[in-house]
Each structure stands twice: as C-alpha cells, then as structure tokens.
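Engineer: okay, here's the prediction I keep looking at, along with the sequence it came from:
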Amino acid sequence: MGAPLPPADTQPPPRARPLVTWLLTGPLAALQFLTIAPPLVRRPFTRAELGVAVGFFPLVGLLIGELLTLVDWALAFFFPPAVSAALLLAAWVGASGAFHLDGFLDACDGLFGGHTPEARLRIMRDERVGAFGVAGGVLLLLTAWACLASLSARAAPLILGPVLARWAMALAVVAFPYARAEGLGRAMKDSAGWPQAVLATAIALCACWLVAGVRGLLAWGVAGLAGWLISRWTLRRLPGLTGDVYGALCQVIEVLVVLLFLSLQQRGL
C-alpha cells in the first residue's frame, strides 16, 4: 500500500463512465493491484476505480488459481510431489510479486512486537523484517509446502485458496475501519461499499460451488469465519486494519483452505 495515492476526482465523470468502470476498469485495476501482470491501463487509477476493484478481488483469485492448476499439471510431468509442491508454492507467492507475503511478515512484526497501537503501526512501516516476521514466514511457507506435498488432488484448493483469500480481503476492506489516514488502502476503503462486498461474495460462492460443491461451501464458511476472527483480533491491537493486515489475511486464509482440503482428504471426504 505504499504506492502514490491516486488524485481525487475533481469533476463529475461522464455519464457512461460508471458502467465502464464496473465492467472493465474495475477488474483491470484489481488485476493490476493484486498481481504481477503487466499494466494494461497506463495511468493512475482514480479512487472510484480502486473502490470498484474491490468487488473483483475474488475474480483475480480465480485467475491465479486457474494458472496455478496449469503450473501444477505441468510440474507433475517432471518432478516428484515434494519438489513440484515447492516449485508450485514459489509460483503461488510469485504471482503477486510476494506482495501479500511481505504484508504478512510486516503484520507479524507489528502485531506481535509492539506494546502500543502507535508502536505497532510504526513497526509495520519499517521495511526491515524482525524475528516475528521471519518466524511467521517460515512457519507459514513450511505449512503450505507440507500440505501441497501431501494432497493427492490439488486443483480445488489451488483454485479456491486464492479466491477465498481475496474475498476475505474485500470484506475486510468494506466492513472494518482503516488505521491510516492515507495510502492506497485508505483510498479503497473510502470508495468501496457494500455493493462491492455483495459482488465479491457472489463470485466467491459461485466459484466454491462450481469447483468443489459442498466442500467448497464448507471452505467458504471457514474462510469467512477466519477472516472475521483475524480482523476482530487485529482491532484489539490496532485502531483499524492496514494494507499489511490485508496481505496477512490473504496469506493465512490461503493456507487455511489448503489445510481444510487436506483434512477432508485424510477423512476420505
């Protein structure tokens, strides 16, 4: 969330612009913000466009998940499960340019290392990674690798993990306060509303049902509960959420979804 803040809209948009924003610019803004995809819109997005983009977060997750399944299919031809799981995890992290992982590391340092809300926010702005960040990152990646290496069928969690993680991010942006007075996270928070939350939820629910049926709906419920609990716990440590917290939320829920599908596999479900 450290990129320059887009300029405020100073004049009413043309009449056709809201429809264009919803159908085209919003998804492109979400894709450009959440992935390493080359920019297709070569100008700063407006605050309104960033707000609309929040509703399309799960759609970007769906794209990432589909790409990961293709990578997994290709790796299976050349490597054993443990090695392909490590390479697959590298592709998963790389799809976002490690953007969310960086947020997770900063959130671990700030939320567990500071003694006051102000100190925690200050620590989270520090680019250096501390002991809590290193420990949290190692444990998170190790858990994700072990789960991927143990899964006999990876397609469903590979798709639904990114979808549900970004759905939870969208809900967190809309439903919970933002801690800082500026930044891209602030712009999204101020411009996104419940229409974006409803759109994100509809996309996530459809993906869950089409990809995994009842198991997908179970994953949707687990992700929603986890997102709410993490956000509420964060508000006990900070006056609001931050971009780093959004990234941490994404990373944790991705791993939780993979853990859930591994647990279901162990029980023959």
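Structural biologist: Right, received. Where do you want to start? Residues are numbered from 1 along each chain as shown.
Engineer: could you check the pLDDT of the residue nearest to Gly193 when sequence neighbours are not counted?
Structural biologist: Excluding its sequence neighbours, the residue lying closest to Gly193 (C-beta to C-beta, 6 or more residues apart in numbering) is Val174, at 6.4 Å. Bear in mind the C-beta positions are built from the backbone N, C-alpha and C, glycine included. Among the per-residue scores, Val174 holds a pLDDT of 94.
Engineer: pretty sure Val174 contacts Val54?
Structural biologist: Yes: under the contact definition of C-beta atoms under 8 Å, Val174 touches Val54, with a separation of 6.9 Å.
Engineer: more neighbours, those two?
Structural biologist: Between Val174 and Val54, Val54 has the larger neighbour count (other C-beta atoms under 10 Å), namely 28 against 20.
Engineer: what residues are up against that one?
Structural biologist: Under the criterion of C-beta atoms under 8 Å, 6 or more residues apart in numbering, the contact list for Val54 reads Ala30, Ala170, Val173, Val174, Met188, Ala192, Gln196, Ala197, Ala200.
Engineer: can you tell me which of the residues you listed end up in helices?
Structural biologist: Using DSSP state H, the members of those that fall within helices are Ala30, Ala170, Val173, Val174, Met188, Gln196, Ala197, Ala200.
Engineer: where's the dip in pLDDT among those?
Structural biologist: Lowest pLDDT among these: Met188, 84.
Engineer: that residue - nearest residue in space that isn't next to it in sequence?
Structural biologist: Nearest residue to Met188, sequence neighbours excluded (C-beta to C-beta, 6+ apart): Leu50, at 5.0 Å.
Engineer: which strand or helix spans that neighbour?
Structural biologist: When elements are assigned from DSSP states H and E, Leu50 belongs to helix 47-53.
Engineer: which elements pack onto that helix?
Structural biologist: With contacts taken as 3 or more C-beta pairs under 8 Å, 6 or more residues apart in numbering; DSSP states H and E, helix 47-53 sits against helix 26-34, helix 184-191.
Engineer: and which of the ones in helices among the contacts of Val54 is nearest Pro58?
Structural biologist: The shortest distance between Pro58 and any of those, using C-beta to C-beta, involves Ala200 and amounts to 5.2 Å.
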